[in-house]
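In: Structure here, sequence nowhere to be found:
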C-alpha cells in the first residue's frame with residue numbers, strides 16, 4: 001500500500017513542480033499498470049511481472065497514438081491488437097497480463113490526445129512502470145529469499161493443519177490448502193531454478209526442505225483413514241512438530257531437535273513417524289545433501305525452447321484462436337459503435353470490454369455484473385474528489401490515499417478492485433482533459449455499454465460459454481485417477497518412488513485446476529451454474545479417490561499386504577467405465593458395476609470411495 005501511494009503520487013508531484021502536470025499524469029498511469037500487475041512474491045518473478053507487461057504497454061500506446069483520430073483505421077488496428085492480445089494471453093500468467101496491458105494502452109492511446117511527438121507517451125508510461133519496479137527492488141537486499149522461505153514454511157504449516165484435521169470433516173478443505181501451498185512453493189522454486197544454472201547453497205537447502213515434505217503429504221491420507229476408523233485424531237505432538245519445522249524453515253534455524261513423539265504401532269503411524277523424522281533431519285541439517293534437492297519436477301527447458309513452444313501453442317491452439325476472436329469481435333464492435341455514434345469519453349467502452357472479457361481472470365458474466373457495481377461505487381468517491389478537491393497540489397495527498405487502497409481492495413474481489421481503481425483513473429484523466437465532474441456520468445454510461453457488449457458478443461453468442469462440457473473435464477480427471485491407481489500398484493512403478501511422486505503431484509495439480517474451473521462455473525447463470533453445482537460433489541469424490549490410493553500405497557510401503565492384481569484391475573476398470581459414461585452425457589448417469597474387493601484388503605477404503613463416486617453419478621430424485 002505504501003509503495004502504491006508513493007508510485008502514483010510522486011510523479012504527480014514532480015509534474016506539478018516542473019510545470020508539466022500532463023507528463024506527471026502519464027507517468028502515474030504507467031505506475032498504475034505496474035501496481036496492478038505486481039502480484040508475485042519472489043523478487044525475480046516480480047521483475048518479469050512488471051517489466052514485461054510495461055514493454056508491451058509501450059508498444060500498445062505507440063500503436064494507439066499513431067491511429068488517434070483516424071476513424072476506421074483506428075477500428076481496424078485496435079481489432080487486430082485485440083486479436084493478438086487475446087491469443088498471447090493463453091501462454092501463461094505473465095503473457096496474460098502483458099496482453100491485457102498491450103490492449104489497454106492501445107485503447108488509451110487511440111482515445112486520448114497525447115503529447116507530441118509520438119514517442120513521449122510510451123516513454124512516460126514505461127517510466128511509470130519502471131518506477132514501481134525500482135521501488136519494489138529496494139527491498140531485495142533486505143528481503144531476498146524471504147518470500148521463497150515463507151512459501152516453504154507455509155507448506156509445512158498447511159500440512160500441520162491437515163494432520164490436525166485427520167479423521168474430521170475439515171480434512172478435505174485442509175487438503176486443498178496443502179495442494180495450493182505446494183503449487184505456490186514449487187512455482188517459486190522453479191522460478192529461481194530457471195535463473196540459477198549453478199546450485200547455490202540457499203537453493204539446495206530450499207529444494208531439500210520442500211522435497212522432504214512430500215513423504216509427509218503422502219502419509220496424511222493414511223493417517224486420516226486410521227484416525228477416522230479409530231474415532232480420534234492424531235496426537236497433538238505430531239502437528240506441533242510440523243509447525244516447529246515450519247518455524248525452523250522460515251527462521252533458517254539448524255541444529256538438533258528434541259521431540260517426544262508417540263511410539264508408532266500401525267503402518268499409517270509408522271509412515272507419519274518415519275516421514276516426520278526424516279523431514280526434521282533435513283530441515284535442521286546445516287548443509288543438506290544435494291541428494292534431497294533433486295529436480296523432482298524436471299529442469300526447465302532453455303529460454304529459446306520455451307519461446308518456440310509458446311509460439312507454437314498460440315498459433316496452433318483452437319482455444320487461443322477462439323478467445324482472440326471473441327476479444328477482437330467485442331473490441332471491433334465497441335470501436336465501431338463510438339465511430340458511428342457520438343459517445344462521450346468513447347475509449348471507456350473498449351476499456352470496459354478489455355477488463356471484463358478476460359476468461360482466465362474469472363467468469364465473464366460475473367465480472368460484467370461486478371464491474372458495473374464497482375464502477376458505481378467508485379463514482380461515488382470520484383464525485384466527492386472532483387467536486388471538492390481543488391486541482392493542483394491537493395491532488396498529491398489525495399492520490400496517496402486512493403492509490404494505497406488499490407492493493408488493499410484488490411484482495412477482496414473484483415468489484416472492490418474496480419471501485420478502488422475507478423477514482424484513480426478518473427483523477428488522472430481529469431488532469432489530462434480538465435473536465436471535472438462532467439466526465440462522471442459518461443464514465444458510467446460507457447461502462448454499462450462495454451459490459452453489455454461483453455455479455456452479448458463475448459458471452460451469449462458463444463455456445464462454449466453456457467454449454468461447457470463439464471462432464472468431459474470430470475471424465476479426464478477420473479481417467480487420470482485410474483492411471484494413478486495403476487501407477488501406484490504396478491510393480492515397476494511402485495519401486496520407482498520418484499516416478500510415483502511425480503505422478504501424485506501431477507494429478508493433485510490437475511485436480512486443483514479442475515476445482516478452480518468448477519468454482520468459476522458455479523458463478524455462471526443457469527443452466528451452466530446449476531449444472532456445475534450438480535456435478536460438484538463428484539469433483540470432491542475424485543479427490544477422495546486419489547487420497548485413498550495414496551493412503552493404500554503408503555500402508556503397503558510400511559508393512560501392509562499388497563493388493564492382488566485382480567483387485568487393482570477391478571477398480572481401474574470401474575473408474576474407466578465411470579469416465580466413459582460421463583463423456584457420453586451432459587447429465588449425471590448411473591453406473592451399476594461395483595468393484596470386487598474383500599473386506600480385509602488394503603484397497604477396501606479405495607473401493608468404498610469408488611462406490612461413493614458411483615452413487616453421486618447416479619442421483620435418485
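Out: Now that the structure is in, tell me what you want to look at. Small disclaimer: the values here were computed from a predicted structure and weren't measured.
In: quick one: residue 607 from residue 537, how far?
Out: Using Cβ to Cβ, to the nearest Å, one gets 19 Å for the distance from residue 607 to residue 537. All C-beta atoms are positioned from the backbone trio N, CA, C, and that covers glycine.
In: I should have written residue 251 there, sorry.
Out: Residue 251 is 42 Å from residue 537, by Cβ to Cβ.
In: got it, and residue 411?
Out: According to Cβ to Cβ, residue 411 and residue 537 sit 29 Å apart.
In: do the same with residue 271
Out: Counting by Cβ to Cβ - residue 271 and residue 537 are separated by 29 Å.
In: Looking at the two, which is more packed in?
Out: Between residue 271 and residue 537, counted using other Cβ atoms under 10 Å, the more crowded position is residue 271 (28 against 15).
In: does that one really touch residue 557, like I thought?
Out: Yes: in this structure, residue 271 is within contact of residue 557 by Cβ atoms under 8 Å, at 6.9 Å.
In: tell me the SS of residue 563?
Out: coil (DSSP: H, G, I helix; E, B strand; the rest coil).
In: Look up the pLDDT of the nearest residue to it once chain neighbours are set aside for me, please.
Out: Closest residue in space to residue 563, ignoring its immediate chain neighbours: residue 603 at 4.7 Å, by Cβ to Cβ, 6 or more residues apart in numbering. Residue 603 is assigned 83 on the pLDDT scale.
In: From residue 561, how far off is residue 603?
Out: 11 Å.
In: ok, now residue 388?
Out: 78 Å.
In: and residue 240, how many neighbours does it have?
Out: Residue 240 is flanked by 14 other residues according to other Cβ under 10 Å.
In: Surely residue 23 touches residue 124?
Out: Yes: using Cβ under 8 Å, residue 23 is in contact with residue 124, at 5.8 Å.
In: Where in this structure is the helix or strand with the lowest mean pLDDT?
Out: When the helices and strands of the chain are compared on mean pLDDT, DSSP states H and E, helix 491-494 comes out lowest with a mean of 52.
In: List the contacts of the residue nearest to residue 563.
Out: 552, 563, 567, 568, 571, 597 (Cβ atoms under 8 Å, 6 or more residues apart in numbering).
In: can you pull the pLDDT of the nearest residue to residue 406 once chain neighbours are set aside?
Out: Nearest residue to residue 406 in three dimensions, chain neighbours excluded: residue 420, at 4.7 Å (Cβ to Cβ, 6+ apart). pLDDT, residue 420: 88.
In: Please report how far residue 420 lies from residue 278.
Out: Residue 420 is 47 Å from residue 278, where distance means Cβ to Cβ.
In: quick one, which of those two is more surrounded?
Out: Neighbours were counted for residue 420 and for residue 278 using other Cβ under 10 Å; residue 420 has more, 24 against 14.
In: what helix or strand does that one sit in?
Out: Counting by DSSP states H and E, the element that carries residue 420 is helix 414-433.
In: after that helix comes which helix or strand?
Out: Following helix 414-433 in sequence, per DSSP H and E, is helix 440-455.
In: circling back to that earlier point, can you name the residues that contact the residue nearest to residue 406?
Out: Contacts for residue 420 (Cβ under 8 Å, 6+ apart) come out as 378, 402, 405, 406, 408, 409, 410.
In: With pLDDT as extra columns, can I get these in CSV?
Out: Formatted as CSV, those follow (pLDDT from 0 to 100):
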residue, pLDDT
378, 83
402, 91
405, 91
406, 90
408, 88
409, 88
410, 83
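In: Of all pairs in these, which one is the farthest apart?
Out: Using Cβ to Cβ, the contacts of residue 420 reach their maximum pairwise distance at 378 and 408, which is 14.3 Å.
In: Look at these two and report which has more neighbours.
Out: Neighbour totals were compared for residue 378 and residue 408, and residue 378 leads with 27 against 13 (other Cβ under 10 Å).
In: how many other residues sit next to the spatially closest residue to that one that is not a sequence neighbour?
Out: Nearest residue to residue 378 in three dimensions, chain neighbours excluded: residue 422, at 2.7 Å (Cβ to Cβ, 6+ apart). Residue 422 has 25 neighbouring residues, counting by other Cβ under 10 Å.
In: Any stretches of the stretch 51-200 of the chain with poor pLDDT?
Out: Low-confidence segments of the stretch 51-200 of the chain (pLDDT under 70): 190-200.
In: Look at residue 23 and residue 124 and report which has more neighbours.
Out: Comparing residue 23 with residue 124 by other Cβ under 10 Å, the one with more neighbours is residue 124, at 25 against 20.
In: That one contacts residue 28, correct?
Out: No: the pair residue 124 and residue 28 does not pass the contact test of Cβ under 8 Å, sitting 9.4 Å apart.
In: where do the strands sit along this protein?
Out: Assigned by DSSP state E, the chain shows no strands.
In: Let me see the contact set for the most centrally placed residue in it.
Out: The residue lying closest to the centre of the chain (Cα atoms, centre = their mean) is residue 93, at 7.9 Å. Shown in contact with residue 93 (Cβ under 8 Å, 6+ apart): residue 49.
In: where's it relative to residue 549, distance?
Out: Applying Cβ to Cβ, the value for residue 93 to residue 549 is 31 Å.
In: just residue 417 next, same as before
Out: 40 Å.
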